[in-house]
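**Student:** Sequence and predicted model, in that order:
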Protein chains: 4
Amino acid sequence: MKWKTAISKITDGQEIIRGQDLQSLIKEKTFTESIFLILKGAMPGKKDTQMMDALLVACIDHGVGAPSATVARTVASTGNSLHTAVAAGVQTLGELHGGAIEGAAKFFQENVSEKDIKALVKNLKEKKIRLPGYGHKILSHDHRSDTLFAVAKETGFFGQHCAFAMAVGAALNSISSKKLPLNVDGAMAAIISDMGFAWKQAKGFFIIGRVPGLVAHALEQMQSGEGVKRLEESEIECLF
Amino acid sequence: MKWKTAISKITDGQEIIRGQDLQSLIKEKTFTESIFLILKGAMPGKKDTQMMDALLVACIDHGVGAPSATVARTVASTGNSLHTAVAAGVQTLGELHGGAIEGAAKFFQENVSEKDIKALVKNLKEKKIRLPGYGHKILSHDHRSDTLFAVAKETGFFGQHCAFAMAVGAALNSISSKKLPLNVDGAMAAIISDMGFAWKQAKGFFIIGRVPGLVAHALEQMQSGEGVKRLEESEIECLF
Amino acid sequence: MKWKTAISKITDGQEIIRGQDLQSLIKEKTFTESIFLILKGAMPGKKDTQMMDALLVACIDHGVGAPSATVARTVASTGNSLHTAVAAGVQTLGELHGGAIEGAAKFFQENVSEKDIKALVKNLKEKKIRLPGYGHKILSHDHRSDTLFAVAKETGFFGQHCAFAMAVGAALNSISSKKLPLNVDGAMAAIISDMGFAWKQAKGFFIIGRVPGLVAHALEQMQSGEGVKRLEESEIECLF
Amino acid sequence: MKWKTAISKITDGQEIIRGQDLQSLIKEKTFTESIFLILKGAMPGKKDTQMMDALLVACIDHGVGAPSATVARTVASTGNSLHTAVAAGVQTLGELHGGAIEGAAKFFQENVSEKDIKALVKNLKEKKIRLPGYGHKILSHDHRSDTLFAVAKETGFFGQHCAFAMAVGAALNSISSKKLPLNVDGAMAAIISDMGFAWKQAKGFFIIGRVPGLVAHALEQMQSGEGVKRLEESEIECLF
């Protein structure tokens, strides 16, 4: 079976990543620059790197209570290797845990030219289609969004998708009874779109950004000496 | 059940990672600095960051032929979400694929004070204990090790563990019939040890560094339109 | 956090699964009967068990070339524990590898009352909606479907969904240029529907049925002594 | 790359599992018989099947509080596909959650000829080596072991390994301050050994037996409409 790739060429004596010599990357480029390179296929400018750093740092961890951290720690506690625990944490990043970034990027990229935003939002609400990227389970306001937009303005990446995301948020909150702040997924989705990434790539930013947090949590659990994390009887309610 | 953590504190209105305000990290720190912070519990100096960048970049990808990439792409090809494909790639990082970094760091940290390295290596060879961090399936010489050691010398992290790793390599190759270059796992293990990380953390560097490559491979496969990757009949040999 | 379940109640001295004493199940019931019980919430009759056995056996393995087997073996080859390798195999069971069983069951259950099947199929074809459960990558005719339908007739589970699946197949093949046999996913979906299971449960049958095959493959790979399974250079095509 | 297997041969028109025609297996054999076949390479006798059924049923579920169930449900709750949730549950089956079955089978198979069991156990205790297969986190006595041994006696599989496991248990409890009942892992390990399986295969029984329970738990969680399972603030204790 043939495996075709434009990402890298590794042979004995030659290691090329997206056209760049791996040894030069190791010596001269930051991890963030190399991540940009491997995802975009070209070296970033200074502002790309600054924006990319902000996006990845915004994802790095959101507490032991984020389900991916709880899962990574539980799997670590049952006597597993670090990579198996981290992988289980990554599997937890489903539609409802970081998945909104993909949905929001798709929505922004497909509707950014829409003129009548109020009508668009009203129409979705009537069809009971939930807009990804707005609302958060524990935060009434997601400060990460403000901070990311501040960096986006500084680096010149606050473009039409970011403006659209904010306008949609305003329209949404004007008709919603519940507060629905633009969350970190939504802000990331807008910025990533303005950086020229396809919406199918958006979730990748969240995965890459969160993995260091999952590694830290799994390691802390392994070193805690607590043994297996298990529900207590009081947490279980039998329905029969 | 109680979950104890010293990594982060996330409440509505306050997001603290290792004692640092998350919003400040997003605005002011690079991804690599934040990775260092979350693993080590303290902000890095400039040289820590430079060394850390080199270590993570060295892991970013090693071609579609690395089993973790092949697995991530196969799982992506069967109609899975990006995070499920990446997680399967991470699961592939077993003892024989990046796992040597942990074994090598443990070996270096436990034996670094050993005076008679020749006797140590000879003794292990006689017991048929394979030294992790030496030898590579496709490379006769692993240039990533040289490059990482060059950066380690520049940043001041070429310490006793790095010297020990080289001395072990010399002793090993003087009695081995097969060429056993210090590979990237071994070089990373030595440097990480000289940076003051515990050997149990070592594998985490490889996981964090490789995930962007796995994301790129899974995305490329999904966008290829090739459909399910499946062995051809000629690749299968039935033993009955 | 509360965890509610109607599946089981396990306390020191009392182990109840779906209202049945676990010790009695161990002594008196087969694995298949217990699987039926845990999924359906009631003990099966003799014919339920016979049908269930046929469905699960039909999934048990489809060769080393099925991507889930190839992945489980690759992960086993990189020095992982058995359960980590099997888990990676399970992750491979995406939309295009066993996933059709869910899509087909949903389609059958939602459209079974449709009178004009030819129009339905023609309409889907015009909209370029691919019908799940028809066609196979390597089989021109899927004998597992015939065999399962034979058992369904014998046990009385060849009902309206099975008849519908066959009628759709006939209509589809009358207008398709390519042969699209009802495959094992489609046949299973129809039978499961006639047994009264919800379409959301359908994929569960495939997962449960395939796991023993994945265990066998991972174990065979671990015992082969082959070391890491890695692409050869001739299998890689660099696109730059 | 070549993939060698003695498990199955699947071509268009011919599907052979361990030398048996797949269609015949579907029509004539139970799931348990087929599992035995694929693991052992030969068709089971009536008593093999009865014993095998008991072993697999004993593993089918141990409540929502078993970490594999909690993890599968958490992953299901974050908007994942069934197979991704089940896979995460399987990953949870580490050394401390079902892993003892492998360790115990290894210990039994390697030490079964030992004459002085008291000395053996005392020696291990002095070296602080924990014997796998004895003790349970929530059960003071594991009735599943009694039940399995009762079936083993009935079917003729209560052989030297089972007798050895009981003798070790007696010796262990005579010197331990804590009650350490032979748990289900230990009983399974002994019986599997007396059935002639290699210790490396032992964990496979547990994985196969538990997957239906994980499927049931993941489905129940998905159908609960509860949304994301997340720790409450009261469950989190910040250490800084």
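**Tutor:** Structure's in. What do you need?
**Student:** What are the phi and psi values at the most centrally placed residue in chain A?
**Tutor:** Ranked by distance to the mean C-alpha position of chain A (Cα atoms, centre = their mean), the top residue is A:Phe206 at 2.1 Å. A:Phe206 has phi and psi values of phi -70, psi -40 when expressed as degrees, to the nearest 10.
**Student:** Could you report the separation of the closest residue to it other than its chain neighbours from chain C?
**Tutor:** Distance criterion Cβ to Cβ, 6 or more residues apart in numbering or on different chains; nearest residue to A:Phe206, sequence neighbours excluded, is A:Gly98 at 4.4 Å. Every C-beta, even on glycine, is put in place using the N, C-alpha and C of the backbone. Look at A:Gly98 and chain C: by Cβ to the nearest Cβ, to the nearest Å, they are 17 Å apart.
**Student:** go on, A:Phe205?
**Tutor:** With distances taken as Cβ to the nearest Cβ, A:Phe205 is found 21 Å from chain C.
**Student:** residues in contact with that residue?
**Tutor:** A:Leu55, A:Leu56, A:Cys59, A:Ile101, A:Met188, A:Ile192 (Cβ atoms under 8 Å, 6 or more residues apart in numbering or on different chains).
**Student:** Out of those, which is nearest to A:Gln23?
**Tutor:** A:Leu56 (24.0 Å; Cβ to Cβ).
**Student:** In this structure the closest one contacts A:Arg210, no?
**Tutor:** No - assessed by Cβ atoms under 8 Å, A:Leu56 is found out of contact with A:Arg210, at 9.1 Å.
**Student:** Pull out the buried residues from the helix or strand that contains A:Val211.
**Tutor:** Element membership for A:Val211 (DSSP states H and E) is helix A:202-223. Across helix A:202-223, burial judged by 16 or more other Cβ atoms under 10 Å in any protein chain shown covers A:202-222.
**Student:** For the one helix or strand A:Leu55 maps to, what does the pLDDT average out to?
**Tutor:** Element membership of A:Leu55, judged by DSSP H and E, is helix A:46-58. Average pLDDT, helix A:46-58: 98.
**Student:** How far away from the center of its chain is it?
**Tutor:** On the basis of Cα atoms, centre = their mean, to the nearest Å, helix A:46-58 sits 13 Å off its chain's mean C-alpha point.
**Student:** measure stretch A:33-52 end to end?
**Tutor:** Its start and end residues considered, stretch A:33-52 measures 8 Å (Cα to Cα, to the nearest Å).
**Student:** Over to A:Asp21: give its phi and psi.
**Tutor:** Here is the backbone geometry of A:Asp21 (degrees, to the nearest 10): phi -70, psi 130.
**Student:** excluding its backbone neighbours, what's nearest it?
**Tutor:** A:Glu15 (7.2 Å).
**Student:** Can you report phi and psi for the one you found?
**Tutor:** Per degrees, to the nearest 10, the backbone of A:Glu15 is at phi -130, psi 110.
**Student:** circling back to that earlier point, host element of the residue nearest to A:Phe206?
**Tutor:** Counting by DSSP H and E, A:Gly98 is found in no helix or strand.
**Student:** Hmm, A:Gly209 and it touching each other?
**Tutor:** No - A:Gly98 is beyond contact range of A:Gly209, at 9.2 Å (criterion: Cβ under 8 Å).
**Student:** what does chain A put close to chain C?
**Tutor:** Those residues of chain A that sit near chain C, judged by Cβ under 8 Å from any Cβ of the partner chain, are A:1-6, A:9, A:11, A:19, A:80-81, A:84, A:91, A:231, A:233, A:235-240.
**Student:** Those also near chain B: which ones?
**Tutor:** Answer for the residues of chain A next to chain C near chain B (Cβ under 8 Å from any Cβ): A:Met1, A:Trp3, A:Lys4, A:Thr5, A:Ala6, A:Lys9, A:Thr11, A:Ser81, A:Thr84, A:Gln91, A:Leu231, A:Glu235.
**Student:** Sitting in strands, which of those do you find?
**Tutor:** A:Trp3, A:Lys4, A:Thr5, A:Lys9, A:Thr11 (DSSP state E).
**Student:** List the beta-bridge partners for the second one.
**Tutor:** In this structure, A:Lys4 has beta-bridge partners C:Glu237, where bridges are defined by DSSP bridges.
**Student:** ok, it - contacts?
**Tutor:** Taking Cβ under 8 Å, 6+ apart, we find A:Lys4 in contact with B:Ser224, C:Glu237, C:Cys238, C:Leu239.
**Student:** What subset of those residues is buried?
**Tutor:** C:Cys238.
**Student:** before we move on, back to that, would you mind pulling up the elements that the following helix or strand past the helix holding A:Leu55 packs against?
**Tutor:** As assigned by DSSP H and E, the chain's next helix or strand after helix A:46-58 is helix A:67-77. Applying 3 or more Cβ pairs under 8 Å, 6 or more residues apart in numbering or on different chains; DSSP states H and E, one finds that helix A:67-77 contacts helix A:82-91, helix A:202-223, helix D:67-77, helix D:82-91.
**Student:** Just want the angle from the first one to helix B:202-223.
**Tutor:** The reference is to helix A:82-91. Here helix A:82-91 runs at an angle of 40 degrees relative to helix B:202-223 (axes from the mean of the first three to the mean of the last three Cα atoms, to 10 degrees).
**Student:** The last one now?
**Tutor:** With the same axes, to 10 degrees defining the directions, helix D:82-91 sits at 160 degrees from helix B:202-223.
**Student:** Which SSE is immediately downstream of helix D:82-91?
**Tutor:** Helix D:82-91 is succeeded, C-terminally, by helix D:100-111 (DSSP H and E).
**Student:** can that next one be found next to chain B?
**Tutor:** No - against chain B, helix D:100-111 shows no contacts by Cβ under 8 Å from any Cβ, the least distance being 15.9 Å.
**Student:** Quick check: mean pLDDT of that helix?
**Tutor:** On average, helix D:100-111 scores 97.
**Student:** how about that helix: buried residues?
**Tutor:** In helix D:100-111, the ones that count as buried by 16+ other Cβ under 10 Å are D:Ala100, D:Ile101, D:Glu102, D:Gly103, D:Ala104, D:Ala105, D:Lys106, D:Phe107, D:Phe108, D:Gln109.
**Student:** try stretch A:35-48
**Tutor:** Those buried within stretch A:35-48 under the rule 16+ other Cβ under 10 Å are A:Ile35, A:Phe36, A:Leu37, A:Ile38, A:Leu39, A:Lys40, A:Met43, A:Pro44, A:Asp48.
**Student:** Wondering if it reaches chain B at all.
**Tutor:** Yes - shown here: stretch A:35-48 in contact with chain B (Cβ under 8 Å from any Cβ) through A:Ile35, A:Ile38, A:Leu39.
**Student:** show me the contacts for the closest residue to the last one other than its chain neighbours.
**Tutor:** When the adjacent residues along the chain are set aside, A:Leu39 lies closest to B:Ala216, with 5.9 Å between them (Cβ to Cβ, 6+ apart). Listed by Cβ under 8 Å, 6+ apart, the contact partners of B:Ala216 are A:Ile7, A:Ile38, A:Leu39, A:Gly204, B:Asp61.
**Student:** Check B:Ala216 and give its pLDDT.
**Tutor:** Taking B:Ala216 on its own, its pLDDT is 98.
**Student:** and what of A:Asp12?
**Tutor:** 82.
**Student:** I figured it hits B:Lys137, correct?
**Tutor:** No - counting by Cβ under 8 Å, A:Asp12 sits too far from B:Lys137 to count as a contact (10.2 Å).
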